[in-house]
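Student: Here is my input, please return the structure:
(one chain, ligands or ions: 1)
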Amino acid sequence: MTQIDTIFAGKLDHVEDFKFDAKVTAVFSNMIRRSVPGYELVTAMTAVFATGFFQPGTAVYDLGCSLGETSRAIAEAMSEHNPLIYAVDSSPDMTAKCRENLAGFPNVHVATADVCQLKFEPASIIVCNYLIQFIPEMERDNLFKKIFDALVPGGLLLVSDKINADKQENNPKFVRIYHLWKQIYGNYSPLEIKQKREALEAVQKPESKLSLFKRLENAGFATPELWFQSLNFASVAAFKL
Ligand SMILES: C[S@@+](CC[C@H](N)C(=O)[O-])C[C@H]1O[C@@H](n2cnc3c(N)ncnc32)[C@H](O)[C@@H]1O
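Tutor: Numbers count the residues shown, from 1 in each chain. This next block holds a predicted model:
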């Protein structure tokens with residue numbers, strides 16, 4: 001049963017830094033749908049990309065898998081290929097629940113680990129959906145380089161993430177519209193939106209698309225392409241040529 005996210009609904013005396021702990025895990029499925037415009041579409045399309053570019057004999061990685069929704073979508077879309085999928089997350093609360101959710105998919109291996117420390121097997125699909133914003137900025141280049149090295153030729157990295165506007169002066173306008181979206185369609189109150197924003201401030205560091213593309217190009221991805229954007233959330237496909 002999906003629990004409704006009310007974590008920031010009441011007035012908090014002190015807003016603590018956001019953590020992917022047991023409290024967040026319990027409501028995460030509801031929280032992410034009310035917080036990321038296009039989440040369900042992106043999850044479904046990620047599975048379509050994975051189906052299109054998977055190469056037999058290689059692995060699929062779902063990095064920052066949370067409850068395993070992306071891994072499940074990929075496993076379901078590709079059931080006749082039975083791909084080996086590694087679903088990785090650093091939060092033990094998330095991976096415990098993810099393991100439970102994906103118990104019916106023996107080809108999905110759930111691991112609790114920091115993706116920055118991961119030793120990759122040769123892969124044709126690596127997914128980072130809404131993860132990079134939580135990776136320390138100084139570790140992002142190394143992670144993308146490791147991902148590039150792990151991909152076989154023709155392999156695909158899919159990154160969806162919260163972004164800042166490319167033109168800095170536009171950012172406050174997009175943030176305002178994003179908060180309005182959370183209010184109107186996410187049914188979050190202005191207090192919830194404000195307190196969650198404060199909680200995320202120290203741990204969530206979005207970058208612009210320009211900066212993301214530069215990191216991908218520096219890692220070796222010659223032709224990263226935007227395939228979806230809704231407000232300040234963007235999805236990029238980067239092939240290893
Ligand atoms: C916004 S959620 C990702 C949502 C998920 N990919 C989906 O599409 O449902 C971010 C996840 O990244 C995980 N995370 C953050 N830093 C990480 C790291 N260094 N290594 C592994 N997982 C990390 C968090 O625990 C959290 O579950």
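
Student: What distance do you get for whatever residue of the chain ends up closest to the ligand to residue 143?
Tutor: The nearest approach of the chain to the ligand comes at residue 64, 3.1 Å away (CB to the nearest ligand atom). Every residue, glycine included, has its C-beta placed from N, CA and C. Distance of residue 64 to residue 143, computed by CB to CB, to the nearest Å: 11 Å.

Student: Can you classify residue 173 as helix, strand or coil?
Tutor: Classification of residue 173 by DSSP: H, G, I helix; E, B strand; the rest coil places it in helix.

Student: mind listing what it touches?
Tutor: residue 165 (CB atoms under 8 Å, 6 or more residues apart in numbering).

Student: now do the one 10 residues further on
Tutor: For residue 183, the residues meeting the contact criterion (CB under 8 Å, 6+ apart) are 189-190, 193.

Student: Spell out which helix or strand contains it, please.
Tutor: Using DSSP states H and E, residue 183 maps to helix 171-184.

Student: other SSEs contacting the helix or strand that that helix is followed by?
Tutor: As assigned by DSSP H and E, the chain's next helix or strand after helix 171-184 is helix 190-200. If contacts are counted by 3 or more CB pairs under 8 Å, 6 or more residues apart in numbering; DSSP states H and E, helix 190-200 sits against helix 171-184.

Student: What's the mean pLDDT across the helix it packs on?
Tutor: Mean pLDDT, helix 171-184: 98.

Student: angle of that helix against helix 190-200?
Tutor: Angle, helix 171-184 to helix 190-200, by axes from the mean of the first three to the mean of the last three CA atoms, to 10 degrees: 130 degrees.

Student: ok, back up a step: select from the contacts of residue 183 the one having the most neighbours.
Tutor: In terms of neighbours by other CB atoms under 10 Å, these top out with residue 193 at 18 neighbours.

Student: If I follow the layout properly, that residue ends up in contact with residue 182?
Tutor: Yes - between residue 193 and residue 182 there is a contact under CB atoms under 8 Å: 5.5 Å.

Student: Identify the contacts common to these two.
Tutor: Counting by CB under 8 Å, 6+ apart, nothing touches both residue 193 and residue 182.

Student: Would you mind measuring from residue 82 to residue 107?
Tutor: Separation of residue 82 from residue 107 (CB to CB): 5 Å.

Student: So these two - more neighbours on which side?
Tutor: Counted by other CB under 10 Å, residue 82 and residue 107 do not tie: residue 107 has more neighbours, with 16 against 12.

Student: OK, contacts around the more buried one?
Tutor: Neighbouring residues of residue 107 by CB under 8 Å, 6+ apart: 75, 82-85.

Student: one more time with 10 Å, if that's ok
Tutor: Shown in contact with residue 107 (CB atoms under 10 Å, 6 or more residues apart in numbering): 60, 71, 74-75, 78-79, 81-85.

Student: Among those, which lie within helices?
Tutor: Secondary structure from DSSP state H places 71, 74-75 of the contacts of residue 107 in helices.

Student: Residue 177 is in contact with residue 185, isn't it?
Tutor: No - the criterion here is CB atoms under 10 Å, and residue 177 misses it with residue 185 at 11.6 Å.
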